[in-house]
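# sequence first, predicted coordinates after that:
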Amino acid sequence: MASSSHPSAPCAACKFLRRKCIQGCVFSPYFPPEDPTKFANVHKIFGASNVSKLLNEIAPHQREDAVNSLAYEAEARLKDPVYGCVGAISVLQRQVLRLQKELDATNADLIRFSSNQNTLMTPSSSSGSSLQNPHVLPPHYGNYSWNYNPN
Amino acid sequence: MTLKGGTSQACAACKYQRKRCTPECALAPHFRPEHTEIFKNAHKLFGVRKILRILEKIDPSQKTEAMRSIIYQANMRDRFPVHGCLGEIYHLQYQIRQAEKELYAVLSHLHFYKQQSPQQEITIDSSPESQLGMGLQQSAANGLTLFQHQQQFLPVAPFFDQSYNNNNHSGIHFDSMSNTGNDGMWLQQTYCNQNDGKTLVALQSQLLNTQPWTIQEEVTHDYDEIYPFFDTIDDTQSYIDSKDANESSSESSLKETTQSVQHVAGNKLKRAELQLGIVSEDYQATV
């Protein structure tokens, strides 16, 4: 199957398509012969012709990523013909919303707790509550922000 | 092209293919005449035959949802030719990590306050339906064992076999284990080929012994919940409007996401690089 001027084995795509794997084959860098399933899946879902056109529209240094994303999407579609990889996006979206909701609730609890503590300590303090002492303030983390007003 | 004996227009699929649109046209219910751009994207990625082949294998009751996912996937590939839907998945995973980190930080504060005033009870008012809230409440009390209880609601993020990455250097290879030193609370994701008889997709927490979840189960269980998803991400209108407007909006969102995914893509990318990527907070709104 390999051309006489191309000593290495044909790529998985050319092997699958039963054609000569020429030196400038657009598939050969991304579909090694050791992994025939990858191309088989991509071809089953998208078709070799479509993939070839897609790759030709993409810069060479990005083609590997494009192929890998196509391979992932093809496999996801084979596993789940109805939703494909979109099902995963849905799951992640809901997870993000859930986490955000929880973050908001926990932030609110923290503010409530800190204000309760402020209230507890203020009557007994003459020079100011311990919260006003910067040395007892918790360290600042990441994006967490809350308003501390020592006054 | 018009329907036989009728005054209705041909569907976008038949219009694009310049053929007569019959009443039996399988694509007509999914591509209204004005959906030319949408069909063009779907045709570019899948092709008519592949779309029909996918639809043939699906229960008739789920064909509409399948077409919506196909259209969504095709539109994403049109907007982001290199990564397609995978870029969005990366972005969401990044958002989840950020949210988890922030949650951990807030719990640290709560724990700190508890230590400061041990006589004061921490009352965390969490909604009953929130499993994470209960988990976090216990975590704050137990001293920052935050993610002990996350197993109940860990996302089932897809992963892809290492064999897809020739030298394990592809930008979308997702090996978290090597990058857990920074925060020590990342999740290891693994993907197993169903043909091997293993779990379809498994997500394992590094911090605890969890039962692996399978994405197939998750999706099957939540099919009803996925229905509203398309209502929020229906970008059909953007492809019906003028092309220039679409290009400008999609270009800006593409640029934003390209900036983020370029950190992901290409090359020997590890999770640390993903964390360093600048991800637009507005990306989600553009999807």
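Everything's here; your move. Residues are numbered from 1 along each chain as shown, chains lettered A, B, ... in the order given.
# for the helix-or-strand element of chain A with minimal mean pLDDT, name the packing helices and strands.
Of all the helices and strands that make up chain A, the one with the lowest confidence by mean pLDDT, DSSP states H and E is helix A:86-121; it has a mean of 89. Under the contact definition 3 or more C-beta pairs under 8 Å, 6 or more residues apart in numbering or on different chains; DSSP states H and E, helix A:86-121 sits against helix B:63-79, helix B:85-116, helix B:131-141, helix B:215-221, helix B:223-233. C-beta here means a position set from N, CA and C on the backbone, and glycine is covered the same way.
# next, the angle from the longest one to helix B:63-79.
With axes from the mean of the first three to the mean of the last three C-alpha atoms, to 10 degrees as the criterion, the two stretches helix B:85-116 and helix B:63-79 enclose an angle of 90 degrees.
# surely residue B:96 touches residue A:100?
No. Distance between residue B:96 and residue A:100: 9.8 Å, which falls outside the contact criterion (C-beta atoms under 8 Å).
# okay, these two: which has more neighbours?
Set side by side, residue B:96 and residue A:100 show unequal neighbour counts under other C-beta atoms under 10 Å in any protein chain shown, the larger going to residue B:96 at 20 against 15.
# so who does the more buried one touch?
A:92, A:95, A:96, A:99, B:155 (C-beta atoms under 8 Å, 6 or more residues apart in numbering or on different chains).
# excluding residues flanking it in the chain, which one is nearest the third one?
When you say that, I think you mean residue A:96. For residue A:96, ignoring the flanking residues on the chain, the nearest one in space by C-beta to C-beta, 6 or more residues apart in numbering or on different chains is residue B:95 at 5.0 Å.
# and the residue of the stretch 101-250 of chain B nearest chain A?
Of all residues in the stretch 101-250 of chain B, residue B:105 sits closest to chain A, with a separation of 3.3 Å (C-beta to the nearest C-beta).
# pLDDT score for that residue?
The pLDDT attached to residue B:105 in the predicted structure is 94.
# on that earlier part again, comparing the helices and strands packed on helix A:86-121 by mean pLDDT, which bottoms out?
For these, the stretch scoring lowest in mean pLDDT is helix B:215-221; its value is a mean of 41.
# how far away is residue A:117 from residue B:104?
Using C-beta to C-beta, to the nearest Å, residue A:117 is found at 21 Å from residue B:104.
# any idea how far residue B:27 lies from residue B:49?
11 Å.
# so for the two, which sits in the more crowded spot?
Each of residue B:27 and residue B:49 has its neighbours counted (other C-beta under 10 Å); residue B:27 has more, 21 against 9.
# and the closest residue to residue B:14 other than its chain neighbours, its phi and psi?
Nearest residue to residue B:14 in three dimensions, chain neighbours excluded: residue B:21, at 3.6 Å (C-beta to C-beta, 6+ apart). According to degrees, to the nearest 10, the main-chain angles of residue B:21 amount to phi -90, psi 110.
# can you confirm residue A:29 is in a helix?
No. Residue A:29 sits outside any helix when classified using DSSP: H, G, I helix; E, B strand; the rest coil, being coil.
# what about residue 13, which SS state?
Assuming you mean chain A. Classification of residue A:13 using three-state DSSP returns helix.
# isn't it right next to residue A:48, touching?
Yes. With contact defined as C-beta under 8 Å, residue A:13 counts as touching residue A:48 (6.4 Å).
# which one's more surrounded, these two?
Residue environment comparison for residue A:13 versus residue A:48 gives the larger neighbour count to residue A:13, 26 against 18, counting by other C-beta under 10 Å.
# what's the burial count for the closest residue to the more buried one other than its chain neighbours?
In space, residue A:13 comes closest to residue A:27 once its chain neighbours are excluded; the distance is 3.5 Å by C-beta to C-beta, 6+ apart. Residue A:27 is surrounded by 24 other residues when neighbours are defined as other C-beta under 10 Å.
# now do the one 5 residues further on
The number of residues packed near residue A:32 is 18, by other C-beta under 10 Å.
# and residue 58, helix, strand or coil?
No chain specified, so I'll use chain A. When states are read from three-state DSSP, the local structure at residue A:58 comes out as coil.
# try again with chain B
The three-state assignment at residue B:58 reads coil, by three-state DSSP.
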